[in-house]
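Trainee: Coordinates for the following, if possible.
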Amino acid sequence: MAETPVTYAESDELELIRSTARQFLTDRLSLEVVRELMMSEDGFERGLWKEIANLGWAGLIISEEHGGAGYGFTELSVVLEEMGRLVTPGPFFASSVLATTAIQEFATEEEKADLLPGMASGETIATLALFETPRGWDLADLDCVATRDGAGWSIDGMKRHVLDGHLADKIVVAAAMDGGVGLFVVDSDATGVTVDQSEVLDPTRRQAEVGLDSVRVEDAALLGGGAVDGRLATVLALGTVALAAEQVGGAQRCLEMSVEHARTRYQFGRAIGSYQAIKHRCAEMLLKVEHAKSAAYHAARTTGDDDELAVAAPLAGSMCSEAYLWAAGETIQIHGGIGFTWEHDAHLYLKRAKSSALLLGDPRYQRSLLGDALGL
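Mentor: Residues are numbered from 1 along each chain as shown. Next up, the predicted model:
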């Protein structure tokens, strides 16, 4: 990324972004609204997406030249942390993080000028279609293939775990081609494209299977005009950094819910938080959340340096995934019987924590990337 590394430190501007994000999400996407949306057919509403775009979030990391806010991953991480607090549904992570990052990383200036303004304004929703198999985080061997067809390309294959593919107008598809892996921008309504929602653990973050049967695209659909596989790891690392920020927000909210319940739930005439076992659980949760914050904030600072990012991203991915999973599980335990019910919000966080931990590579995979980056 062509971004100057910055120190992640609280400032008036970051605090304004945080307070604005928290206020909007609380007012428009409270957990009551989240529950309604996750039970709907699409899991989100275009009207809400337009409101988010009007705040400048859809184009938060898109340059001002292309209609965006021109911010970096530091500001993005603040918004994502607040979204994580309320398990916010919708295509933000798919379109404004993954697809935007891929386009900015690989597209020519002409391609950016064509694609990014619509994404920044909220008129266009995009997603990134990379993976093909369960736990298929290695993109070295793709079954989806792009072959030359006259002046364009013909794409065949199946993509799985495509975030919000059913909402996307544009799908950035990774396909094997002569010379490596290429990224092709495909219209979701193009002839030969099928999009089917997948059954998912976390209904607040929808996924789809995207089939491509001899999908014909023009030569201009190939981002950057050539293979990108040598640099796809950077896009996934940046996605991992963004996801870590969201995980921190969810873990922090789990901690707050647990402490509040421990303070207000009485048994045998005492608040349950006065019992040593509950104290220890809450204290351990605090330590894990703070460690995760440190890793996530550091990773956001490194997005301008590929060498630092190669270490910081998997470190944050591993720590934040495990911290969120642990915090969500402990939240259910601390809440006791009520924590296991559909009516309580704890299960929303556990489902999001589990799905997020697998989204771009589970903690074990992230640690393997960290070991490779360190030469271990």
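Trainee: Please list all residues in contact with the closest residue to Glu111 other than its chain neighbours.
Mentor: Nearest non-adjacent residue to Glu111, counting by CB to CB, 6 or more residues apart in numbering: Leu223, 6.3 Å away. (C-beta placed from N, C-alpha, C; glycine too.) Applying CB atoms under 8 Å, 6 or more residues apart in numbering to Leu223 gives the contacts Ala102, Ile103, Phe106, Ala107, Thr108, Glu111, Val172, Gly182, Leu183, Phe184, Val185.
Trainee: I'd say the fourth one and Gly225 touch.
Mentor: What that stands for is Ala107. No. Using CB atoms under 8 Å, Ala107 is not in contact with Gly225, being 9.5 Å away.
Trainee: Settle it for me: which of these two has more neighbours?
Mentor: Ala107 (21 against 13; other CB atoms under 10 Å).
Trainee: measure the more buried one to Ser63 for me?
Mentor: 12 Å (CB to CB, to the nearest Å).
Trainee: for Asp307, same thing?
Mentor: Noted for Asp307: a distance of 24 Å to Ser63, by CB to CB.
Trainee: Those two: which has the busier surroundings?
Mentor: Legend: neighbour count by other CB under 10 Å for Asp307 and Ser63, higher for Ser63 (16 against 9).
Trainee: who are the neighbours in contact with the nearest residue to the more buried one once chain neighbours are set aside?
Mentor: Setting aside the residues directly before and after it, Ser63 is nearest to Gly70 in space (CB to CB, 6+ apart), at 5.3 Å. Contact analysis of Gly70 by CB under 8 Å, 6+ apart lists Ile62, Ser63, Glu64.
Trainee: ok, those vs Lys293, which is closest?
Mentor: Minimum distance to Lys293 across these is 26.3 Å, recorded for Ile62 (CB to CB).
Trainee: Based on its surroundings, how many neighbours for the nearest residue to that closest one once chain neighbours are set aside?
Mentor: Among residues not flanking Ile62 along the chain, Gly68 sits closest, at 2.6 Å (CB to CB, 6+ apart). Using other CB under 10 Å, Gly68 is surrounded by 23 other residues.
Trainee: What pLDDT is listed against Gly68?
Mentor: You'll see Gly68 listed with a pLDDT of 95.
Trainee: so it is in which element?
Mentor: Gly68 belongs to no helix or strand when assigned by DSSP states H and E.
Trainee: That one against Ile61, yeah?
Mentor: Yes. Gly68 lies in contact with Ile61 (CB under 8 Å); the separation is 6.9 Å.
Trainee: where does the chain dip in pLDDT?
Mentor: For the chain, the stretches with pLDDT under 70 are 1-10, 135-136.
Trainee: Going along the chain, name the helices of it.
Mentor: Applying DSSP state H to the chain gives helices spanning 12-28, 31-38, 46-54, 73-85, 100-106, 109-121, 232-264, 276-301, 306-335, 346-359, 363-374.
Trainee: Distance to Val200 for those helices - can I get that in JSON lines?
Mentor: Output for these, formatted as JSON lines (distance: least, CB to CB, whole Å):
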{"stretch": "helix 12-28", "distance to Val200": "22"}
{"stretch": "helix 31-38", "distance to Val200": "10"}
{"stretch": "helix 46-54", "distance to Val200": "19"}
{"stretch": "helix 73-85", "distance to Val200": "17"}
{"stretch": "helix 100-106", "distance to Val200": "22"}
{"stretch": "helix 109-121", "distance to Val200": "24"}
{"stretch": "helix 232-264", "distance to Val200": "16"}
{"stretch": "helix 276-301", "distance to Val200": "24"}
{"stretch": "helix 306-335", "distance to Val200": "16"}
{"stretch": "helix 346-359", "distance to Val200": "7"}
{"stretch": "helix 363-374", "distance to Val200": "20"}
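Trainee: which one of the ones you listed is the most hemmed in?
Mentor: helix 73-85 (a mean of 25; mean count of other CB atoms under 10 Å).
Trainee: Just the CA atoms of that one, as CSV, please.
Mentor: Taking Å, rounded to 0.1, in the frame of the first residue of the first chain, the C-alpha atoms of helix 73-85 are listed here in CSV:
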residue,chain,number,x,y,z
PHE,A,73,-5.9,1.7,8.0
THR,A,74,-5.5,3.5,11.3
GLU,A,75,-8.8,5.3,10.7
LEU,A,76,-10.4,2.2,9.1
SER,A,77,-9.5,0.2,12.2
VAL,A,78,-11.4,2.6,14.5
VAL,A,79,-14.6,2.2,12.4
LEU,A,80,-14.2,-1.6,12.2
GLU,A,81,-13.6,-1.8,16.0
GLU,A,82,-16.9,0.0,16.5
MET,A,83,-18.6,-2.3,14.0
GLY,A,84,-17.3,-5.3,15.8
ARG,A,85,-18.9,-4.1,19.0
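Trainee: Need the residues that contact that helix.
Mentor: With CB under 8 Å, 6+ apart as the test, helix 73-85 has contacts from 1, 3, 6, 8, 13-14, 17-18, 21-22, 25, 57, 60-61, 69, 92-93, 97, 238, 241-243, 245-253, 296-297, 300-301, 303, 352.
Trainee: could you check the angle helix 276-301 makes with that helix?
Mentor: Helix 73-85 and helix 276-301 meet at an angle of 150 degrees, taking axes from the mean of the first three to the mean of the last three CA atoms, to 10 degrees as the criterion.
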